[in-house]
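J.: predicted model follows, preceded by the sequence.
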Amino acid sequence: MSDMTEFEVITSTENNSQDVGEHSANKQVTGSNTNHSARDSKEAAEEHHHLLQEQVVASNRGPHSHGSASVNSQERAGSNWEHRETRPVRRCRSSHCLPDLNRVVFQRIRLWMVVLLLFVVIAVVIMLSLVFCSVPHDDEDDKFDRESFTVPRYYSGTLRLVNQNFTAELLSLQSPQSQVLSGQLKVKLSDLFNSSPALGRYFSAAGMSSFSSNGSVTASYWLKFLMPQEHAQLVRYTLSREMVYSVLRQHLHDQEPRPWDPLYIDPASLDLDVGDSTLEAQ
Amino acid sequence: MMFWRHLGLVVVFFLCEGLAMDCDDFTDLGFHDSFIGTQLNVKLLLYTRANVDCGKEVFLHNLTDTPFLNLTLPITFVIHGYRPTGNPPVWIGEIVEKLLTVRDMNVLVVDWNRGAANINYLSAVKNTRKTAEKITDFIQKMQENGASLSSIHMIGVSLGAHISGFVGTRFGGKIGRITALDPAGPQFTGTPPEDRLDPTDAQFIDVLHTDMDALGFRAPLGHIDFYANGGADQPGCPKTIFSGKEYFVCDHQRSVFLFLCSLNKTCNITVYPCPSYNDFLDGKCLQCDAFKPAPCPVLGYYVYEWRDKLLSLQQTKAYFSTTADPPFCKTNYRVDIVTWNKPTRYGVIIIKMYSGGDVTEARIDHKAAKFEQYKTTRLLAQFDKNLQSVQKISLQFSTGNVVGPRYKLRLLRIQLRPLEHSDGPKLCRYDLILEENVDVSFKPIPCETSDF
């Protein structure tokens, strides 16, 4: 389709130049017959006319023969405007720089369609690989089954609430004061261990076993963790005394020392050891 | 009255001028001399605490008449190398002054600028033997006048290192010490021991390598061989030829500046005996077990304190890293990380330390470290600054992958131990998740006695 239109455009420019050439030639003929220069130019114009016709014919045959014809026509016809008219013809038709994108590859499929398709395929492959690679990765460390954690492990220790005043009621765990305080501490310890990335999944419960006095309040606490059947490595590393103690300790170090907070625990007072199951029964 | 006072001033002025005129200076040549080529002429300039700024030339025929020369004191020779420009070395004044600050001694600067200044390196190399002969004559004369060979220390730079070696050979290795600062490689690499510096040339030889891939010497040559930043390329030195002269001399000359910094003990550069620089960067050589109970050796002048141990070990290669600017010392931390993620992860760690408004960073990225479940990964973190009290630390883990999932590194414990200040506190933090490329900050706590 577009091949045809392009050809038409070319021939029409050639016709234009031909018309103008004829016109000027006619004018010169009517001007003066005896003028040699005029005659000469008339002859030149006629010659040009003739050549252009030849050129049109040649262009029908193919771009190569046409190219040579147009070069000839330029050499013979001296005037500038003719020069200008013929130049685009030469540039477009005789150049080998652009591959013919309209070449039919197969039936109605043209080369440019094939090229475009190639680009689309490459883009799609890149996009798909990006999408598949950045799919939220399945982290096997995030997967665990709490139901399978059945073996208990206990820790017990003491901590000091430096901003609490000791009252006799705290000696009995059943008294309302003790109930309130141990409830608060339980929540504090549970929150702390539940939010631990390494220990949270194994943490089961925390509790207070007694309160005593040495100026401020010293609380005895216990911690319960549940482990899977296979736990030799776990006990050595993740649930080692060093880990459980340090997770608690670094949390206490992070808190701002607040003299008004009744639940402020002095990090230096912290103490922890591996305990046994009798603690929970209390 | 006024007249006499004026006359007095004039006389004092001329006397001072006269004294100043008496100084013998290092031969100053220009590039044109070097271009034409120079004939060898060896001068020995004496500097002592009495004449730190004013050299006195020492002559062989009336050696004992040399003012300020005291042969009962130690003698240190300073021998320069190839001088393609003909200028006196920029570090001569500084090295003389610093050596004399350390202790009272005779510093003898060997000026063989006529001979070393030559556009043709090969003729400078040829002159090393003859220079060594001249120095040998002087030492023999000093020996006759009561100097002992073991009190002689020769500091040789580049070609000067090999000159020291040649002199040492002539005295059967009885000279006290040779310090070789980036001994020259071209024309010496691959030659037999008698044609270069070798460990039999003195009682104790310490060598500093800073440009072994170009102007320096790659193989070990002494009892201890220091390789600064691996021995090849120095931080702060230009990487391209567009920087001109610096491109050629910066790495090579760094050896002198490192030695100068070791003279005033502002910051001791600790060195780590190790089979290779990569093993050192991997944190495999941070213990210095061979030297216990002594600490790891230090770079430069004071390594002499480790002499007996080093001699018993015969040959030691030691590595260290420096910053780009004087005093060049880095602060090293041993970092131990234990992780609990099941799949093994590989990646680099970036550690930042904060103290007040100060921050210093260590990128442990020479290769991707391996993090295996419940295994300790040891890393060497090298910081440019030494922060006194670390208030905050931030960590970043990175695999370097552009696409793909963002992994998490799950830490049970990270422990940071200062290496140079072993009295400093060990810093710990437990139970951390490092999401890839995300900074995680925390306040370090004192370490608990380790269970794992």
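T.: Yep, it's here. Residues are numbered from 1 along each chain as shown, chains lettered A, B, ... in the order given.
J.: from here on, contacts and neighbour counts on C-alpha atoms
T.: OK.
J.: give me phi/psi at the nearest residue to residue B:221 once chain neighbours are set aside?
T.: Closest residue to residue B:221 apart from its sequence neighbours, by CA to CA, 6 or more residues apart in numbering or on different chains: residue B:198 at 5.2 Å. Backbone torsions of residue B:198, given as degrees, to the nearest 10, read phi -150, psi 160.
J.: give me the number of residues near residue B:198?
T.: Per other CA atoms under 10 Å in any protein chain shown, the neighbour tally for residue B:198 reads 21.
J.: report the contact partners of it.
T.: The contact partners of residue B:198, taken as CA atoms under 8 Å, 6 or more residues apart in numbering or on different chains, are B:165, B:221, B:222.
J.: now intersect the residues you listed with the helices, please.
T.: Among the contacts of residue B:198, the residues falling in helices (DSSP state H) are residue B:165.
J.: from what I can see residue B:273 touches residue B:285, true?
T.: Yes - contact criterion CA atoms under 8 Å: residue B:273 and residue B:285 qualify, at 6.6 Å.
J.: max-length helix in chain B?
T.: From DSSP H, the single longest helix across chain B is helix B:121-144.
J.: who touches that helix?
T.: Residues contacting helix B:121-144 (CA under 8 Å, 6+ apart): B:40, B:42, B:60, B:63, B:71, B:82, B:84, B:112, B:115-118, B:149, B:159-160, B:162-164, B:166-167, B:170, B:187.
J.: buried stuff in that helix?
T.: B:123-125, B:127-136, B:138-139, B:141-142 (16 or more other CA atoms under 10 Å in any protein chain shown).
J.: do stretch A:210-229 as well
T.: A:210-212, A:217-228.
J.: filter those residues by proximity to chain B?
T.: Near chain B, judged by CA under 8 Å from any CA of the partner chain, there are no entries from those.
J.: would you mind listing the two of those residues that lie farthest apart?
T.: Using CA to CA, the two most remote members of those are A:217 and A:228, lying 35.9 Å apart.
J.: the one residue in the stretch 51-200 of chain B that gets nearest to chain A: what's its closest spatial neighbour, skipping adjacent residues?
T.: Closest residue of the stretch 51-200 of chain B to chain A, CA to the nearest CA: residue B:102 (46.8 Å). Using CA to CA, 6+ apart and skipping the chain neighbours, the partner closest in space to residue B:102 is residue B:263 (7.3 Å).
J.: ramachandran angles for the one you found?
T.: phi -70, psi -40.
J.: circling back to that earlier point, now the residue nearest to residue B:221: how far from residue B:172?
T.: 12 Å (CA to CA, to the nearest Å).
J.: ok so, going back, the residue of the stretch 51-200 of chain B closest to chain A is in contact with residue B:262, isn't it?
T.: No - assessed by CA under 8 Å, residue B:102 is found out of contact with residue B:262, at 10.9 Å.
J.: more neighbours, these two?
T.: For residue B:102 and residue B:262, the more surrounded residue by other CA under 10 Å is residue B:262, and the numbers stand at 23 against 12.
J.: and the more buried one, how close does it get to chain A?
T.: Using CA to the nearest CA, to the nearest Å, we find residue B:262 at a distance of 40 Å from chain A.
J.: pLDDT wise, what is that residue at?
T.: pLDDT, residue B:262: 91.
J.: would you list the phi and psi of it?
T.: phi -70, psi -20.
J.: wait, what's in contact with the nearest residue to it once chain neighbours are set aside?
T.: Nearest non-adjacent residue to residue B:262, counting by CA to CA, 6+ apart: residue B:300, 5.3 Å away. Counting by CA under 8 Å, 6+ apart, residue B:300 touches B:206, B:208, B:258, B:259, B:262, B:263.
J.: so who does residue A:247 touch?
T.: By CA under 8 Å, 6+ apart, the neighbours of residue A:247 are A:193, A:196, B:430, B:431.
J.: between those, which is closest to residue A:233?
T.: Of the contacts of residue A:247, the one sitting nearest to residue A:233 (CA to CA) turns out to be residue B:431, at 16.3 Å.
J.: how many neighbours does the closest residue to that closest one other than its chain neighbours have?
T.: Distance criterion CA to CA, 6+ apart; nearest residue to residue B:431, sequence neighbours excluded, is residue B:412 at 4.7 Å. Neighbour count for residue B:412, taken as other CA under 10 Å: 24.
J.: next one: residue B:426
T.: Neighbour number of residue B:426 under other CA under 10 Å is 19.
J.: tell me the pLDDT at the spatially closest residue to it that is not a sequence neighbour?
T.: Distances taken as CA to CA, 6+ apart put residue B:417 closest to residue B:426, at 4.8 Å, once the chain neighbours are dropped. pLDDT, residue B:417: 90.
J.: ok, residue B:417 touching residue B:335?
T.: Yes - at 6.5 Å, residue B:417 and residue B:335 qualify as touching, with contact defined as CA under 8 Å.
J.: which strands border the helix or strand hosting residue B:154, and is each parallel or antiparallel?
T.: Applying DSSP states H and E as the criterion places residue B:154 in strand B:152-157. If you go by DSSP bridges, strand B:152-157 pairs up with strand B:75-79 (parallel), strand B:177-181 (parallel).
J.: which stretches of chain B have low pLDDT?
T.: B:1-21 (pLDDT under 70).
J.: ditto for the stretch 151-282 of chain A
T.: In the stretch 151-282 of chain A (pLDDT under 70), the answer is A:277-282.
J.: how many neighbouring residues does the residue nearest to residue B:102 have?
T.: When neighbours are defined as other CA under 10 Å, residue B:263 has 20 of them.
J.: coming back round to it: make CSV from the strands paired with strand B:152-157 and add mean neighbour count to it.
T.: Listed next are the strands paired with strand B:152-157 as CSV, based on neighbours: other CA atoms under 10 Å in any protein chain shown:
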stretch, mean neighbour count
strand B:75-79, 24
strand B:177-181, 29
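J.: which secondary structure element contains residue A:121?
T.: Going by DSSP H and E, residue A:121 is in helix A:111-133.
J.: actually, residue A:154.
T.: strand A:151-161.
J.: mind listing what's buried along that strand?
T.: By 16+ other CA under 10 Å, the buried positions in strand A:151-161 come out as A:152, A:153, A:154, A:155, A:156, A:157, A:158, A:159, A:160, A:161.
J.: same question, stretch B:410-422
T.: B:410, B:411, B:412, B:413, B:414, B:415, B:416, B:417, B:418, B:419, B:420.
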